[in-house]
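Visitor: What follows is a predicted protein model with its sequence.
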Amino acid sequence: MTGSARIRKILILGGTAEARALAQKLAGRADLAVTLSLAGRTADPLPQAVPVRSGGFGGADGLEAYLRAERIVALIDATHPYAAVISANAARAAEIAQVPLLALRRAAWKAQAGDNWSEVATVEDAATALGEAPRRVFLTLGRKELAPFAAAPQHVYLVRSVDPVDPPLAVPQASYITARGPFTEQEDRALLETHRIEIIVAKNSGATATYAKIAAARARGIPVVMLKRPELHHVASVEKVEEVLAWLDHVSAPSTARGV
Ligand code: NAP
């Protein structure tokens, strides 16, 4: 085989810093044609080192059809740990289309001495966990997940999101910060102090980019209402970009090289 016949097509399901880093590592590979898929949630996504497609596939069936039509030889699910639907779709589509799948999943943060976390299963539970008495709350969930806090209008909210929250939260007292991580602990400590934050609502995203608020909360003795991670399909998974590279070299190698 020569030229383009050797090029193997890889699909990365992205939306995370890890997916971006992986794409960066693979961008220079002459033997691979890598596409990164984004949900299309962010108005101004960061530039990527490989071609990007954006928007849903149309469920597991749509993703399966895409894998077949594009002759994808390996699928990497590097989506956010709370993006459970696309991960389930990836598992199903890969199985049916018989495309090798590897998940790149960040380890969850673990509470350490000084942390004061209460875990909740849903955003509605998080709103309830804030309690009856008015508090100053730092909300760091996705901007599309905020609606349940309208049921707790007694609190003063500070919302940080990548894109503006539109429409705004239906509560009398809310202010907004539009910002994309990574954030430093110093920045987040200052934010908590300036806004006199008394409690934080967060997802256990893992990795470092958004950990600063957790460390800052610990330093200031502020409690965190932590949304539990969703249960994900059990598929082969790794935590580090380098491990994906090793897996890819194995699964996307020509079948003769794999001895099958
Ligand atoms: P989701 O609930 O797992 O996915 C919903 C649908 O979005 C999927 O069924 C799929 O549509 C589409 N989709 C998701 N990721 C995609 C990708 N990489 N490429 C193409 N289509 C994709 O995920 P979500 O609605 O994006 O987010 C769920 C949770 O994850 C939220 O808590 C959110 O804040 C968090 N999160 C997501 C991202 C992200 O980039 N997606 C980033 C940070 C945080 P079809 O069924 O039509 O294929």
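Guide: Yep, it's here.
Visitor: mind listing the helices for the stretch 1-150 of the chain?
Guide: 17-26, 59-69, 84-97, 123-129 (DSSP state H, counting those that start in this stretch).
Visitor: okay, these in JSON lines with distance to Val137 next?
Guide: Where C-beta positions appear, they are placed from N, C-alpha and C, glycine not excepted. As requested, those are exported to JSON lines (distance: least, CB to CB, whole Å):
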{"stretch": "helix 17-26", "distance to Val137": "26"}
{"stretch": "helix 59-69", "distance to Val137": "35"}
{"stretch": "helix 84-97", "distance to Val137": "25"}
{"stretch": "helix 123-129", "distance to Val137": "9"}
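Visitor: got a markdown table for the ones you listed, with mean pLDDT too?
Guide: Below are those laid out as a markdown table (pLDDT from 0 to 100):
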| stretch | mean pLDDT |
| --- | --- |
| helix 17-26 | 97 |
| helix 59-69 | 98 |
| helix 84-97 | 98 |
| helix 123-129 | 98 |
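Visitor: right, so of the ones you listed, which gets closest to the ligand?
Guide: With respect to the ligand, and counting by CB to the nearest ligand atom, the nearest of these is helix 84-97 at 3.4 Å.
Visitor: Could you list which residues are in contact with the closest residue to the ligand within the stretch 51-200 of the chain?
Guide: In the stretch 51-200 of the chain, the residue that lies nearest the ligand is Gly56 (2.2 Å; CB to the nearest ligand atom). Shown in contact with Gly56 (CB atoms under 8 Å, 6 or more residues apart in numbering): 39-40, 62.
Visitor: Backbone dihedrals for it, please?
Guide: phi -60, psi 160 (degrees, to the nearest 10).
Visitor: for the stretch 51-200 of the chain, which spans come out with low pLDDT?
Guide: Low-confidence segments of the stretch 51-200 of the chain (pLDDT under 70): none present.
Visitor: picking up where we left off before, what about the contacts of Gly56, which one has the most neighbours?
Guide: Highest neighbour count within the contacts of Gly56: Ala39, with 17 neighbours (other CB atoms under 10 Å).
Visitor: show me what contacts that one?
Guide: 15, 54-56, 83, 86.
Visitor: Now the buried members of the residues you listed.
Guide: 15, 83, 86 (16 or more other CB atoms under 10 Å).
Visitor: any chance of the residues you listed in a markdown table, plus distance to the ligand?
Guide: Shown next, in a markdown table, are the buried ones among the contacts of Ala39 (distance: CB to the nearest ligand atom, whole Å):
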| residue | distance to the ligand |
| --- | --- |
| Gly15 | 2 |
| Ala83 | 3 |
| Ile86 | 4 |
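Visitor: Closest one to Ala113 out of the contacts of Gly56, please.
Guide: Ala39 (36.6 Å; CB to CB).
Visitor: Next, the buried residues of stretch 100-116.
Guide: 100-106, 109, 115.
Visitor: What of stretch 163-175?
Guide: So stretch 163-175, judged by 16+ other CB under 10 Å, has buried residues 165, 169, 171, 174.
Visitor: What about the ligand: which of the residues you listed touch it?
Guide: Contacts with the ligand within the buried residues of stretch 163-175, counted by CB under 6 Å from any ligand atom: none were found.
Visitor: a markdown table for those residues, including secondary structure and distance to Glu239?
Guide: Below are the buried residues of stretch 163-175 laid out as a markdown table (DSSP: H, G, I helix; E, B strand; the rest coil; distance: CB to CB, whole Å):
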| residue | secondary structure | distance to Glu239 |
| --- | --- | --- |
| Val165 | coil | 31 |
| Leu169 | coil | 34 |
| Val171 | coil | 38 |
| Ala174 | strand | 36 |
